[in-house]
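1. take a look and give me a structure for this.
(one chain, ligands or ions: 1)
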Amino acid sequence: MNARIYMSSPDVGDLEEQYVVAAMRSGWIAPLGPDVDAFEREMADRIGVAQAVALSSGTAALHLGLLGLGVKPGDIVITSTMTFAATANAIVYTGAQPFFVDCELATGNMDPGLLRQAIEQATATGSRVAAIVPVDLLGKAVNYTAILEIASEFAIPVLSDAAESLGALHDGRAAGSFGQASIISFNGNKIMTTSGGGMLLTDDVELAARTRYLATQARQPAVHYEHTEVGYNYRMSNLLAALGRAQLTRLDSMIANRRAMRDRYRALFSNVEGVSIFGGAGDAEDNCWLTSIVIESDKTGWTSNELSGALMAGNIESRPLWKPMHLQPVFAEANVVANGNSEFLFGSSLTLPSGSALKPGEIERVLDAIGAFVRSRSE
Ligand SMILES: Cc1ncc(COP(=O)(O)O)c(C=O)c1O
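-> Below you'll find the predicted structure:
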């Protein structure tokens, strides 16, 4: 059996090893240290924000970001239904309730018109909408121009879930720089990784300071460890920050590899009627984290499941887009404004191997397997 090809494996090598070994030899093994400080500065500079707080995961960054924006038990937080469960889970951690909003068909990102509807519905019931958390799906930034305009009309803060969109742009401005704060994820499958980790980005100095405080057990500045409220152990360790610093120096070349992979898929499917590359026509501003295709099975004569099965037979990983949160049993009771788009995309999409560490032989294996399947179904 051929070795398994994953959708998005970590892309680490000699440089990462050098950085991590240097951090170990420096003696800064305990949590925090100079690599954390430097990583925060370098990432803030890259995104163009004043403050970055390195944390143990993107989920932790969402949790603290929501707390920092004043989200409380009983509040409503409006978010995208087309997302990974972490977004909704973090809302529940605060005691607030998620209210899901469906998406635009071309991008899977929050539909601004439906966001307005959700705000109006939630406020009509007397609930307080404490925050909006739009999600940049698969590395394409949401329409922040429209979303921020609506948020400011209703005076609701925005925490951008940019877990998947590091390196992407919206109208020339970096994902991760929109709203009151943003979060990114450095999970192993992301565009760059610290093995596990995340970050909160903001221009708000007080919000950053409160996040740092809550992430270190809400420890007061006293030698004997004084606590006046409940905190969390959510900081990133110095060793992982060193790994992140090495990865950041390679971010643009890793994005270029993923973009080249998308171009290969675009060329492969250009003559296959009924298959389109997910994300809309333009991907110049995307980071091309993962490439998905959308299959209109009435035109292709085959389904995403069938292609996925053929890839599985060749030991190649693939997966539909996120199952919408409002269809997840755990969130069955949550409010939603749905238009059917996320449900359609879930049923007709397939995400393909997209990692920047794919070797030429692996890329050929994937393209050959897809090509062979498509030919077999069109004979
Ligand atoms: C949209 C989205 N939000 C949040 C997260 C959570 O990030 P983490 O795994 O670092 O906690 C992820 C990915 O894992 C994600 O894809």
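2. please identify which helix or strand holds residue 366.
-> Taking DSSP states H and E as the criterion, residue 366 maps to helix 360-378.
3. stretch 150-167 close to the ligand?
-> Yes - using C-beta under 6 Å from any ligand atom, stretch 150-167 reaches the ligand at 161, 163, 164. (Each C-beta comes from the backbone N, C-alpha and C, glycine too.)
4. kindly reformat the residues you listed as a markdown table containing neighbour count and pLDDT.
-> Formatted as a markdown table, the entries for the residues of stretch 150-167 next to the ligand read as follows, by neighbours: other C-beta atoms under 10 Å; pLDDT from 0 to 100:
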| residue | neighbour count | pLDDT |
| --- | --- | --- |
| 161 | 28 | 98 |
| 163 | 30 | 98 |
| 164 | 26 | 98 |
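5. please tell me how far residue 177 sits from the ligand.
-> Note on residue 177: its distance to the ligand, by C-beta to the nearest ligand atom, to the nearest Å, is 17 Å.
6. you'd agree that residue is up against residue 50?
-> No - because the distance of 10.1 Å does not satisfy C-beta atoms under 8 Å, residue 177 is recorded as not touching residue 50.
7. and the helices in this protein?
-> Taking DSSP state H as the criterion, the chain contains helices spanning 14-25, 34-47, 58-68, 85-93, 112-124, 144-153, 205-215, 238-249, 251-269, 297-300, 304-313, 341-348, 360-378.
8. what about the stretch 1-150 of the chain, any weak spots by pLDDT?
-> Within the stretch 1-150 of the chain, no stretch has pLDDT under 70.
9. indicate the residue of it located nearest to the ligand.
-> When scored by C-beta to the nearest ligand atom, the stretch 1-150 of the chain has residue 58 as its residue closest to the ligand, at 2.6 Å.
10. check contacts around residue 265.
-> By C-beta atoms under 8 Å, 6 or more residues apart in numbering, the contact list for residue 265 reads 277, 291, 293, 352.
11. cutoff 7 Å now
-> With C-beta atoms under 7 Å, 6 or more residues apart in numbering as the criterion, the residues that contact residue 265 are 277, 291, 352.
12. same check on residue 259?
-> Residue 259 is in contact with residue 288, counting by C-beta under 7 Å, 6+ apart.
13. hang on, the earlier thing: ok, the residues of stretch 150-167 next to the ligand vs the ligand, which is closest?
-> Ranked by distance to the ligand (C-beta to the nearest ligand atom), these are led by residue 163 at 3.4 Å.
14. the closest one and residue 185 touch, don't they?
-> Yes - with contact defined as C-beta atoms under 7 Å, residue 163 and residue 185 form a contacting pair (3.7 Å).
15. who touches both of the two?
-> Joint contacts of residue 163 and residue 185 (C-beta under 7 Å, 6+ apart) are residue 58.
16. and residue 232, how close does it get to the ligand?
-> The separation that residue 232 has from the ligand, given C-beta to the nearest ligand atom, amounts to 13 Å.
17. ugh, wrong one, residue 360
-> Relative to the ligand, and taking C-beta to the nearest ligand atom, residue 360 is found at 28 Å.
18. run a quick neighbour tally on that residue.
-> 7 (other C-beta atoms under 10 Å).
19. what residues are up against it?
-> Residues near residue 360 by C-beta under 7 Å, 6+ apart: none.
20. residues from the protein in reach of the ligand?
-> If contacts are counted using C-beta under 6 Å from any ligand atom, the residues of the chain sitting beside the ligand are 57-59, 83-84, 86-87, 135, 161, 163-164, 185, 187, 198.
21. out of the contacts of residue 265, which comes closest to the ligand?
-> Among the contacts of residue 265, and counting by C-beta to the nearest ligand atom, the member closest to the ligand is residue 291, at 15.4 Å.
22. nearest to the ligand: which residue in the stretch 201-350 of the chain?
-> Closest contact between the stretch 201-350 of the chain and the ligand, by C-beta to the nearest ligand atom, is at residue 322 (8.0 Å).
23. that residue contacts residue 80, doesn't it?
-> No - the criterion here is C-beta under 7 Å, and residue 322 misses it with residue 80 at 9.2 Å.
24. so what's in contact with those two at the same time?
-> A shared contact of residue 322 and residue 80, defined by C-beta under 7 Å, 6+ apart, is any residue touching both; here there are none.
25. look at those two and report which has more neighbours.
-> residue 80 (30 against 24).
26. next one: phi and psi at residue 73?
-> When quoted as degrees, to the nearest 10, the phi and psi of residue 73 stand at phi -50, psi 140.
27. what about it, how many neighbours?
-> Other residues within reach of residue 73, judged by other C-beta under 10 Å, total 8.
28. grab the nearest non-local neighbour of it.
-> If you skip the residues right next to it in sequence, residue 73 has residue 95 as its closest partner in space, 2.9 Å away by C-beta to C-beta, 6 or more residues apart in numbering.
29. check contacts around the residue nearest to residue 174 when sequence neighbours are not counted.
-> Counting by C-beta to C-beta, 6+ apart, residue 47 is the residue found nearest to residue 174 once chain neighbours are left out, at 4.8 Å. In this structure, residue 47 makes contact with 174, 176, 177, 201, judged by C-beta under 7 Å, 6+ apart.
30. need those in TSV (columns: distance to residue 11 and pLDDT).
-> Rendered in TSV, the data for these read as follows (distance: C-beta to C-beta, whole Å; pLDDT from 0 to 100):
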residue	distance to residue 11	pLDDT
174	21	98
176	20	98
177	24	98
201	22	98
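31. can you put these in CSV and add neighbour count?
-> Conversion of these to CSV gives the following (neighbours: other C-beta atoms under 10 Å):
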residue, neighbour count
174, 20
176, 30
177, 21
201, 31
